[in-house]
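Visitor: using only what follows, build the 3D model:
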Amino acid sequence: MSSSRRPEFPAALLRVEGVAANVEANAVRTVDWLASAGSIAIPVYQRQYRWEISGCAQLLEDIRAVADGDEHGTHFIGSILSAGRSADLVLIDGQQRLTTLSLLIAALRHTVADDDPALAGELDRAIAHPVEPGRTRLRPHPSWSEVYERVVLHGDTAEAGRFGENLTYFRSQVGPDEVERVWRGLRRLEHVAITLGPAANAQQIFESLNSTGAPLRDHELIHNYVLMGLDHDAQQRIESEYWVPIERATGEAIGDFFRHFLIGRLGREGLHRERAVYDDFHREHPRLGADGVEPVVAELREYAEVYAQLLDPARVGDAEIAASLVAVNELGRDAYPLLLLALHDQQHGRVSRERLLATLRRVQSLWLRRELVGVATVRLVGRLVRAWNATLELGPGAADAALADVFGRITPSDLRTRLALRYRELPHSDFVLARLGMVGAAGDPAALGHALVAQWPRDSGVPIDDDDMTPILDVERRPGWYAGWRREFDYCEYRGEHWEVPDIQYLFRRIFQRLWTERPEDLLAFSARHRGPIYERAAWPGDWAELGEGHVLFQGLAPRFLLASTQELLAELGLADEVFVKYAWGMA
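Guide: I've put the predicted structure just below:
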């Protein structure tokens, strides 16, 4: 969805009598346009409906924002391309957005159908066909039109795919007391309605509106996002004072910089899917108005300058710190989110030079030893970032002890490391042997092992309890109903207890039911803030679980949203660092 500013439409899209007689473009209120159409047919060549709940959530957030804004404000949702007369349109581009909007309007109508028939009738006029009872204005592909109309008109979500999932999501998020607010926001949406005449080349116009070039990368989307709401002079200033220095500092690694920066900021991993970095940046900064841009880009420039030192340690003025960064770079960049925070905090006086050097040493030992013994390092850095941030308010002694404990528990022991050298190849051998002064030596595994664990030590006295388990906050939110989600986990460690847990729905239900017996008031407060997932009754068909005392738990959303709710609950209640999952073999 685009910003709330009214766009300046290209002259080529505006109607010019006698020049562009086959293309008419007008800015219209989307709901009024939808309600004025007789039928809107989706051609058979169009792809299936694919909007995920994340897109629905962003749409709903945008609608709430415009509803709460100035009464003359609007929110632009792009262009919608159709052909034919207003009473009988063929939709060429825009079916995904219109289908989602229709599902949201249907959700509002089902919610108020019994209590406010007047409002229900107003909502109904936007989605129901004006002269054909039992039909909708929007006519999907014949293969799924029956399912779509069953969902929209009757609220029947059984075996209804994305239509049912998204209607269920909207119903779970908009209660009766918010229907009028959301409806007000919906009526403030607008788009450019492009209508083609009989001689227009629909395919050429469609391709012009939807470039066939490579999609924008995450940092390019962020760039557009931070500038789009500014006037020309402000754009020029932000570009020259902030964005160009960010690009200069990070170079070809600018995409990695934004990913590592956000992992450090959010304290969790899982930012590898397409557009994930941009989506998380947008969620962190959902309201970047003209007054809010500069502090954000100023911080980005500041961290980009630190990132440049990670990429090229010669830029660091301290020779010992620079040498440690060179060593870390020999082992890869996976630890960059932690190192970005640590180097920044040291340079800005938040932590001592000694703590930074100790952290760089621990990172080297952790990564090298785990690679040597064959234990994965994925999903470690988010855990370490959270530990780093948690120690910032502690005194020097307590902070060092806390970090030693976190690193020590997941660093392989001396014995395991030495034994691994007997049957595994030495990783980064040139670097390791050069550091040990053993280049060219035949290499006795026993001598090499003792030298290696001495050069890259593990904090002594710290027990090892790592079973290659993943902290709950680092479990990746995978899109859709992905293959194998029903057998994703072997078990969960919940605050020292061992639970047999096969999937996220089971874990979601068990954690909510457990906390319902221990902290019901906190659970209800969480649900009120997040508009679910706890309700007083099963208000629509779906997958529900009993909690007791007149409350039920809705668990019918896709796995990633059950996981997000679980992570947010545990984080808000301060329990996240005590919950781990063990992935099933081959699933991590």
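
Visitor: from now on I want contacts and neighbour counts done on CA atoms only, so please keep to that.
Guide: Fine.

Visitor: what's the burial count for residue 473?
Guide: Other residues within reach of residue 473, judged by other Cα atoms under 10 Å, total 28.

Visitor: for it, which three-state class applies?
Guide: On the three-state scheme (DSSP: H, G, I helix; E, B strand; the rest coil), residue 473 is labelled helix.

Visitor: contact partners for it?
Guide: 268, 382, 567, 576 (Cα atoms under 8 Å, 6 or more residues apart in numbering).

Visitor: redo that, cut-off 6 Å
Guide: 268, 567 (Cα atoms under 6 Å, 6 or more residues apart in numbering).

Visitor: averaged pLDDT, stretch 220-238. What do you get?
Guide: In this model, stretch 220-238 has an average pLDDT of 80.

Visitor: buried residues in that stretch?
Guide: 221-222, 225-230, 238 (16 or more other Cα atoms under 10 Å).

Visitor: stretch 316-333 too?
Guide: Buried residues in stretch 316-333 (16+ other Cα under 10 Å): 316, 321-322, 324-329, 331.

Visitor: reformat the buried residues of stretch 220-238 as JSON lines; add distance to residue 528 and secondary structure.
Guide: Listed next are the buried residues of stretch 220-238 as JSON lines, based on distance: Cα to Cα, whole Å; DSSP: H, G, I helix; E, B strand; the rest coil:
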{"residue": "221", "distance to residue 528": "33", "secondary structure": "helix"}
{"residue": "222", "distance to residue 528": "31", "secondary structure": "helix"}
{"residue": "225", "distance to residue 528": "31", "secondary structure": "helix"}
{"residue": "226", "distance to residue 528": "31", "secondary structure": "helix"}
{"residue": "227", "distance to residue 528": "34", "secondary structure": "helix"}
{"residue": "228", "distance to residue 528": "34", "secondary structure": "coil"}
{"residue": "229", "distance to residue 528": "32", "secondary structure": "coil"}
{"residue": "230", "distance to residue 528": "35", "secondary structure": "coil"}
{"residue": "238", "distance to residue 528": "39", "secondary structure": "helix"}
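
Visitor: ok, residues contacting stretch 49-64?
Guide: 182, 185.

Visitor: next one: stretch 122-131
Guide: Against stretch 122-131 from outside (Cα under 6 Å, 6+ apart): 35, 109, 135-137.

Visitor: do the same with stretch 458-468
Guide: 405, 408-410.

Visitor: what distance do you get for residue 27 to residue 261?
Guide: 39 Å (Cα to Cα, to the nearest Å).

Visitor: who has more neighbours out of these two?
Guide: residue 261 (23 against 18).

Visitor: give me the domain ranges for this protein.
Guide: 11-209, 470-583 (automatic domain parsing).

Visitor: distance to residue 289 for the buried residues of stretch 220-238 - can I get that in a markdown table?
Guide: Formatted as a markdown table, the buried residues of stretch 220-238 follow (distance: Cα to Cα, whole Å):
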| residue | distance to residue 289 |
| --- | --- |
| 221 | 16 |
| 222 | 14 |
| 225 | 10 |
| 226 | 9 |
| 227 | 9 |
| 228 | 9 |
| 229 | 6 |
| 230 | 8 |
| 238 | 13 |
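
Visitor: are any of the contacts of stretch 458-468 buried, and which?
Guide: By 16+ other Cα under 10 Å, those give 405, 408-410 as buried.

Visitor: wait, which of those residues is closest to residue 155?
Guide: Comparing these against residue 155 with Cα to Cα places residue 410 closest, at 49.6 Å.
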